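Asks: Everything below, folded, please.
(chains A and B)
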Amino acid sequence: MMIKLQAKDIIFGYDSNPILENVNFEIAPSRLVTIVGPNGSGKSTLIKCIDRIVSPQGGSILIDRKDVTKMSRMDVARYLSYVPQSSVRIFPTNVFDTILMGRRPHIGWLGSEGDEEKVWDVLRLLNIERLAMSNFNELSGGQQQKVLIARALVQEAEVMLLDEPTSNLDIWHQLDVMNIIRDVVKKREITAIMALHDLNLASTYSDRIIMMKRGRIVAAGDPTSVITAENIASVYRVEAAVRNLSDRPMIMPLRQIKG
Amino acid sequence: MMGYRAFFHGKPDAGPSRSRRAGKKSGVELAHERFKFIRLFFVLSIVALLVLLTGFIITLGPLNISVADAYSALLARFWPDYFHVETLTSRVVWNIRFPRIVGGIMAGFGLGICGCVMQAVLKNPLASPFTLGITAGAQFGISIAAVIGVSIFGGPYFIIGNAFVCALFCSLFIIALAAIKGATSENLVLAGIAVNYFFTAISQLLKYFASDEQLRLMTNWGMGDLAAFSWANSCLLLAVFVICFPLLLSKSWDLNIMTAGDEAAKSIGVDAEKTRIFIMIVTSLLVATIVCFMGTIAFVGLVAPHMARMVIGGDHRFLIPASGVLGGLVLMSADAVGMNMIAPTIIPTGIMTSIVGVPFFMYLMMKGKRKEFWT
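Replies: Next up is the predicted model:
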């Protein structure tokens, strides 16, 4: 089943400090979408609002024409999975058990061979099978990120949300993680929506980019239409050179725009 | 056309994972199988150890009873045709020694499972069943009964009833506070500590005005003792267990997920705050019942989950029962030592548990190679 995600007039803020103001967008199925914008523009908050980790104060999020804001938490978890930026476990847990937790929305108390089989399949898909019995806390940042993606994958949701999945990684692992996400979007026909800081990564991998500034969407579309020198100047207040490289715009930041 | 290999060895469309499953398992898969076996084996072997030790501990005391007689006396109650034992032995076993052992196991079991779930919901390795101020509440109840003579129930439950009601009130107050303000683990721990100080201060104020006799009553309770465990009390405790244990166990998956943080828990479908409040209410009920009968034995609830975690890891489906049986084992053994070490003087269970348990725990802590000693 292919489903469409729609956000209508999402409002969120802490006390009198608005973070999201009337955010609207629509995402077609089986796409890789990135949300970009400066610090504090509301990217991560938007991701959390979609998954109802924080509850939006107004508006609705429709998935498969059902309103996420009115669903039980368990139902939300069947439609949407979430990959946090990082995760520290207070009590050490091995990688296998960490991933198995993602089966919670589908699992009975006893668990089943089938659930464990799904964990092994995802471990093989991400090529981290050998880490299955390692302690999650003792893994490198890149490995931890893959385990968190694996946990979201066994959740078998149609939409995967990711909060800056590459922020703590070196360039090799950045590409590794982005390739994994691109592959699963294709193979499993799911939609991935991620908040991302790196504009060049966003441009290279995205089918669609949403650019935000101070809680509002200022541009949305394919990379060529969003990653432009004008948009970067007005949203980031940075003068940048934008060049095309294999049909994707790449940026080189040159100087800050003061005043 | 189907290749000869597929023809002889299975369906041609069998994917790589399927064929691997049918054939040999990889090293890491075998390690996982072994790990699952150890988890189950550990719980069962502790249960076996409890049964064995029960027989041995029954033999300790002024009246000589052999191990065989001990088991015969226990079994004769159920199958009188097959097992025979002297009336005196049977009376000593059933009226004196066995109830205390059962009390010890039940109390240790309850404190162990409560410590385990509290550490999970508070995401804190220092949490114990008493983090919510239950002890301070119970101590307060006992102080007002002893010093002012005000009590909620009369008769034999004059003091116990007070301890129970005040302990429960104290923790429910903290839970209510957290439910209004947001039941994060930080809020709960802070509120717990604050309320703890408050009730301790009031108890101390009452102590200040208490007579020698009243002081003695208050101090004895604080040491923790299994002497109050009669069959009637044990049945009461058992009834609370039958309700609370399945409730806690049913939340195993949610607890597993909550140790990964509230955000992760929410995204996987677990309402962390609701689960936290639910667990706290069940725990309060169980701990208040245990505490009012036997006073504070804090060490078991803190340490049994850590010891279990060192061996079987963090899956609460196994960790909760393992913490329970381990708690029972520690408390029962420590009580047996306290009863018999310098007999006829009985050293209170609470004191003995720490004296016996702490060196053992220290040993386990130092032995661990990892930084996180509760691995």
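Asks: List the contacts of the residue lying closest to residue A:243 once chain neighbours are set aside.
Replies: Nearest residue to residue A:243, sequence neighbours excluded (Cβ to Cβ, 6 or more residues apart in numbering or on different chains): residue A:250, at 5.6 Å. Any C-beta I mention is one placed from the backbone N, CA and C, and that applies to glycine too. Each residue near residue A:250 by Cβ atoms under 8 Å, 6 or more residues apart in numbering or on different chains is listed here: A:200, A:203, A:242-244.
Asks: Quick one, which of those are buried?
Replies: A:200, A:203, A:242 (16 or more other Cβ atoms under 10 Å in any protein chain shown).
Asks: Do a quick rundown of the helices in the stretch 251-375 of chain B.
Replies: B:252-258, B:262-267, B:272-294, B:298-312, B:316-340, B:349-367 (DSSP state H, counting those that start in this stretch).
Asks: which of those helices has the lowest average pLDDT?
Replies: Within those, confidence is poorest for helix B:349-367, with a mean of 79 (mean pLDDT).
Asks: helix, strand or coil for the residue nearest in space to the middle of chain A?
Replies: With distances taken as Cα atoms, centre = their mean, residue A:162 lies nearest the centre of chain A, 2.0 Å away. Here residue A:162 is recorded as strand under DSSP: H, G, I helix; E, B strand; the rest coil.
Asks: quick one: low-confidence ranges for the chain?
Replies: By default, I'm working from chain A. A:1-3 (pLDDT under 70).
Asks: Can you look at chain B instead?
Replies: For chain B, the ranges with pLDDT under 70 are B:1-23, B:150-157, B:222, B:228, B:368-375.
Asks: Now for residue 29, how many residues are close by?
Replies: Went with chain A since none was named. 15 (other Cβ atoms under 10 Å in any protein chain shown).
Asks: look at chain B instead
Replies: 19.
Asks: Just give the closest residue to it, not the sequence neighbours.
Replies: residue A:120 is the one closest to residue B:29 (Cβ to Cβ, 6+ apart), at 7.1 Å.
Asks: quick one: the one you found and residue B:44, what's the gap?
Replies: 26 Å (Cβ to Cβ, to the nearest Å).
Asks: Comparing these two, which shows the higher neighbour count?
Replies: A direct count of neighbours by other Cβ under 10 Å for residue A:120 and residue B:44 places residue A:120 higher, at 21 against 12.
Asks: for whichever strand or helix holds the more buried one, which positions count as buried?
Replies: Using DSSP states H and E, residue A:120 maps to helix A:113-125. Residues of helix A:113-125 classed as buried by neighbour count (16+ other Cβ under 10 Å): A:115-116, A:118-123, A:125.
Asks: Kindly report the same for stretch B:208-228.
Replies: Neighbour-count burial for stretch B:208-228 [16+ other Cβ under 10 Å]: B:210, B:214, B:217-218, B:221-226.
Asks: Tell me which of those residues fall in helices.
Replies: B:214, B:217-218, B:221-223 (DSSP state H).
Asks: picking that back up, quick one: the residue nearest to residue B:29 and residue A:129 touch, right?
Replies: Yes: the criterion here is Cβ atoms under 8 Å, and residue A:120 meets it with residue A:129 at 7.1 Å.
Asks: Could you check how many residues crowd around the closest residue to residue A:238 other than its chain neighbours?
Replies: Leaving out its chain neighbours, the residue that sits closest to residue A:238 by Cβ to Cβ, 6+ apart is residue A:253, at 5.1 Å. For residue A:253, the neighbour count with other Cβ under 10 Å is 12.
Asks: Contact partners for residue A:253?
Replies: Counted by Cβ under 8 Å, 6+ apart, residue A:253 has contacts A:232, A:238-240.
Asks: Of those, just say which sits nearest to residue B:327.
Replies: Closest to residue B:327 out of these is residue A:238 (59.9 Å), distances taken as Cβ to Cβ.
Asks: measure that closest one to residue A:255 for me?
Replies: From residue A:238 to residue A:255 the distance is 7 Å (Cβ to Cβ).
Asks: Specify the local secondary structure of whatever residue of the stretch 51-200 of chain B ends up closest to chain A.
Replies: The nearest approach of the stretch 51-200 of chain B to chain A comes at residue B:123, 4.7 Å away (Cβ to the nearest Cβ). Here residue B:123 is coil, with the state taken from three-state DSSP.
Asks: sorry, back to before: export the buried ones among the contacts of residue A:250 to CSV and tack on secondary structure and distance to chain B?
Replies: CSV is the format used below for those (DSSP: H, G, I helix; E, B strand; the rest coil; distance: Cβ to the nearest Cβ, whole Å):
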residue, secondary structure, distance to chain B
A:200, helix, 28
A:203, helix, 27
A:242, strand, 35
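Asks: Generate a PyMOL selection restricted to the buried subset of the contacts of residue A:253.
Replies: Burial among the contacts of residue A:253 is assessed by 16+ other Cβ under 10 Å; the matching PyMOL selection reads:
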select buried, chain A and resi 232+238+240
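Asks: Most widely separated two among the contacts of residue A:253?
Replies: A:232 and A:239 (8.0 Å).
Asks: Chain A: helices as residue ranges?
Replies: Taking DSSP H as the criterion, chain A carries its helices at A:43-50, A:73-79, A:95-100, A:113-125, A:141-154, A:171-187, A:199-205, A:223-226, A:229-236.
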